[in-house]
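> the amino acid sequence is not available; the structure is as follows:
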């Protein structure tokens, strides 16, 4: 796959291109900057594409809501109002459970001290499941299940690729021991869960197809190990945006999780798991100065608004702190946020490019496509939602914290 | 200066060492993790040291509240309840003005669209001053001053070191032209303001002394240029944590701004502008797993809790995503957060070290010293304030956003 270049494109929504530039961006000059913009048409298209893809592959879709942390986004992302959905914090679990989401997995290995809070969420009607990868955690969950009469549902986290947590899929003894202790202790063994996090480091389609298949094989291996020991394993859950996008066959898998794809970002575009034209999230910034001798345009969107995430620095194309676009979302040629301080972004032409710095006077506004939607989103408390005419049609709150 | 090594030390507050470890950390096992801890004794000592230093140098202290974004911290940091203080967003200006702070500078070049909001803050009684570095901004401010009968106070931003924004101190024509347009337009020219941001890249005492002197000379040069043109320049404002710490002489300067020093962080410790033992901010984390074959301990404090800031990667000692300490705040030898995902921290012994991985079972808690206090703080909405016995004595809210 060649290095990804963000091309100048019109927004993908039907209608916007026909209406022309005159109507695009109406309203963006009224917003306080910096702020977060979300293109609803692209969000919906990204979600429809993934939902259709996973339906073809015959698996359920469990959207990971850690990127959006928004009920409005969640309602579009989930295939039903009650879920399924995935969360990364108990704060998210509480937020979505209060809004009626019923089928939730908390996707971070459980700490025993969090079990009371888990049971409180479950007591309000949400079927919140946990993950773990050790006997110590299994014992703590079993003890809690016994003492509180709450048959906590648990998925055993399995390590797909050495990325982070999880039991090795070949470690039959540990998988079975964890499963048996859970079942004996009164918890509900619900299955296995994997996350092929190392797929993020790939930038090659064939390697991504292989990573997805490796994730599937690890999942099925672990599930079969449990079943061979007469342990239940109804759920076989895999997922990451790259492997969800590249999986060719999901035999034996029951559900796929993915989250960041719904917004997309420059990092995922670099991996090849989203198309550059489909990025739904951007940061609106105002020009506040120039250092003309250096070829710098200074804006009010620094790393506080964009996040400190520099993930593309490790990819074939380093996008700095983000790609700079006009108000219609069209990238200026080779224009990036080359550096950032807390509340200052320094825009410059990409090193080595012959592109011309655009004429952006004091007060002009630009949109910046971020490296990492999860990190950039977390710097904000709301989305300004753009309709297909590029106008602000709604403000959707989002949560942060734990 | 040799590479900075975080040494095992007892907290610096009188009393804590005498009371011994038994009392330290009481209460930290009750907090939901991850969360932010603030050692009040270290905060106060850092502030007292800076206040005394600047008093000796004969200049006023204008604490930058962009790191803390907390009224409770601000009240300790400011030399009087009404200020002076510095802010990095209009949201901060509103928050501190509502609490009675009267002498404020908004330290990001003003965008014309923000002037109505500035005047609204001023109308409530706060003397909020602006900075700018262009004729375009001066014209917009002057037009606003005329139309709204608000004699907006302005400091001209001067470039100390090529770091970011500001008029070159040698650019007499531009400095005077901006000053004249402001005065003619009915704005109040209050002085010059500089920030020696490039000092952050230094790690050598002599170079830092020189950077502070260069910042002073640039400030005085610009001030004298304005005065020679019969323009007012009552305020000569300089500042950054490194130059505030290393300035030997501030003749001609009227005030110094600094902020991150009050918490300190690993980056500033690497620069040499704070002592490693004086870091007041840490993130409390819980152990949620192990990958023993890899020498990894997994916690629930990932980059969402620590921030994506990897500033020490460019310093002599790369501290990963943070230095791992026990509950009393004592660093484990060579133990760092080697990698981080959104809600997972991966703790490991620093590469090349012979140190032993400590025995930290599931549920154990650690404190992580962050790379960058401004970035880490922004991931949280409150401080858990530790008293001199290491107990949680208070919870102080903080703000984020714009």
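On my side now, so go ahead. All values derive from a computational prediction rather than experimental measurement. Residues are numbered from 1 along each chain as shown, chains lettered A, B, ... in the order given.

> from here on, contacts and neighbour counts on C-alpha atoms
Fine.

> average pLDDT across stretch A:247-264?
Over the span of stretch A:247-264, the pLDDT mean works out to 98.

> and it, does that touch chain B?
No: Stretch A:247-264 does not reach chain B (C-alpha under 8 Å from any C-alpha of the partner chain); its nearest approach is 11.7 Å.

> between the two ends of that stretch, how far is it?
18 Å (C-alpha to C-alpha, to the nearest Å).

> equivalent analysis for stretch A:291-303, please.
From its first residue to its last, stretch A:291-303 covers 19 Å (C-alpha to C-alpha).

> what residues does it touch?
Residues outside stretch A:291-303 that contact it (C-alpha atoms under 8 Å, 6 or more residues apart in numbering or on different chains) are A:33-34, A:283-290, A:321, A:340-349, A:357, A:360, B:108, B:164-165.

> same deal with stretch A:143-160?
Outside stretch A:143-160, the residues touching it (C-alpha under 8 Å, 6+ apart) are A:109, A:115, A:119, A:128-133, A:141, A:165-169, A:175, A:178-179, A:185-196, A:214-215, A:218-219, A:222, A:235.

> so who does the residue in the stretch 151-300 of chain A positioned nearest to chain B touch?
Among all residues of the stretch 151-300 of chain A, residue A:288 sits closest to chain B, at 5.4 Å; criterion: C-alpha to the nearest C-alpha. Counting by C-alpha under 8 Å, 6+ apart, residue A:288 touches A:297-300, A:362-363, B:109-111.

> buried ones among the contacts of stretch A:291-303?
By neighbour count, with 16 or more other C-alpha atoms under 10 Å in any protein chain shown, those hold A:33-34, A:283-290, A:321, A:340, A:342-349, A:357, A:360, B:108, B:164-165 as buried.

> and the contacts of residue A:288, which two are the farthest apart?
A:297 and B:110 (14.1 Å; C-alpha to C-alpha).

> just the ones of the buried ones among the contacts of stretch A:291-303 in strands?
Per DSSP state E, strands hold the following members of the buried ones among the contacts of stretch A:291-303: A:283-290, A:340, A:345-349.

> closest to residue B:265 among the contacts of residue A:288?
residue A:300 (24.5 Å).

> what's the nearest residue to the closest one if we skip its chain neighbours?
Of all residues not flanking residue A:300 in the chain, residue A:344 sits nearest, at 5.0 Å (C-alpha to C-alpha, 6 or more residues apart in numbering or on different chains).

> quick one, helices of the stretch 251-400 of chain A?
Along the stretch 251-400 of chain A, the stretches classed as helices by DSSP state H, counting those that start in this stretch are A:266-271, A:303-306, A:373-377.

> any idea of the mean pLDDT for the shortest one?
For helix A:303-306, the per-residue pLDDT values average out at 98.

> do the last one as well
The pLDDT scores in helix A:373-377 average 98.

> and it, does that touch chain B?
Yes: interface with chain B: helix A:373-377 contributes residue A:375 (C-alpha under 8 Å from any C-alpha).

> which among the contacts of residue A:288 gets closest to residue B:325?
Minimum distance to residue B:325 across those is 35.8 Å, recorded for residue A:300 (C-alpha to C-alpha).

> I'd like the helices of the stretch 251-400 of chain A as a markdown table, with distance to residue B:251 and mean neighbour count appended.
Formatted as a markdown table, those follow (distance: least, C-alpha to C-alpha, whole Å; neighbours: other C-alpha atoms under 10 Å in any protein chain shown):
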| stretch | distance to residue B:251 | mean neighbour count |
| --- | --- | --- |
| helix A:266-271 | 48 | 27 |
| helix A:303-306 | 34 | 28 |
| helix A:373-377 | 42 | 25 |
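
> what's the mean pLDDT across stretch A:116-134?
Stretch A:116-134 comes out at a mean pLDDT of 97.

> with stretch A:232-241 instead?
97.

> cool, stretch A:151-159 as well?
Mean predicted confidence for stretch A:151-159 is 97.

> got it, and stretch A:69-82?
pLDDT averaged over stretch A:69-82 gives 97.

> what about the strands in the stretch 101-250 of chain A?
A:103-106, A:127-132, A:153-158, A:188-194, A:235-238 (DSSP state E, counting those that start in this stretch).

> paired strands for the second one, with orientation please.
This means strand A:127-132. Looking at strand A:127-132 with DSSP bridges, its partner strands are strand A:103-106 (parallel), strand A:153-158 (parallel).

> and residue A:388, what's its pLDDT?
89.

> hmm, it is touching residue A:43, no?
No: using C-alpha atoms under 8 Å, residue A:388 is not in contact with residue A:43, being 11.3 Å away.

> so what's the residue count around the residue lying closest to residue A:378 once chain neighbours are set aside?
Counting by C-alpha to C-alpha, 6+ apart, residue A:378 lies nearest to residue A:400, which is 6.3 Å off, once chain neighbours are set aside. For residue A:400, the neighbour count with other C-alpha atoms under 10 Å in any protein chain shown is 20.

> try residue A:147
Neighbours of residue A:147 under the rule other C-alpha under 10 Å: 11.

> ok, now how distant is it from chain B?
Residue A:147 sits 19 Å away from chain B, taking C-alpha to the nearest C-alpha, to the nearest Å as the criterion.

> pick out the residue nearest the middle of chain A.
Note on chain A: the residue nearest the mean C-alpha position is residue A:260, at 2.2 Å, using C-alpha atoms, centre = their mean.

> now that residue. Nearest residue, chain neighbours left out?
Excluding its sequence neighbours, the residue lying closest to residue A:260 (C-alpha to C-alpha, 6+ apart) is residue A:67, at 5.7 Å.

> so which helix or strand takes in that neighbour?
Under DSSP states H and E, no helix or strand contains residue A:67.

> contact partners for residue A:108?
Contacts of residue A:108 (C-alpha under 8 Å, 6+ apart): A:88-89, A:130-132, B:300, B:343-344.

> would you turn those into TSV with distance to residue A:204?
As requested, the contacts of residue A:108 are exported to TSV (distance: C-alpha to C-alpha, whole Å):
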residue	distance to residue A:204
A:88	28
A:89	31
A:130	33
A:131	30
A:132	31
B:300	31
B:343	27
B:344	26
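
> quick one: which of those is nearest to residue A:274?
Using C-alpha to C-alpha, these come closest to residue A:274 at residue A:88, 21.9 Å.

> nice, that's everything, thank you.
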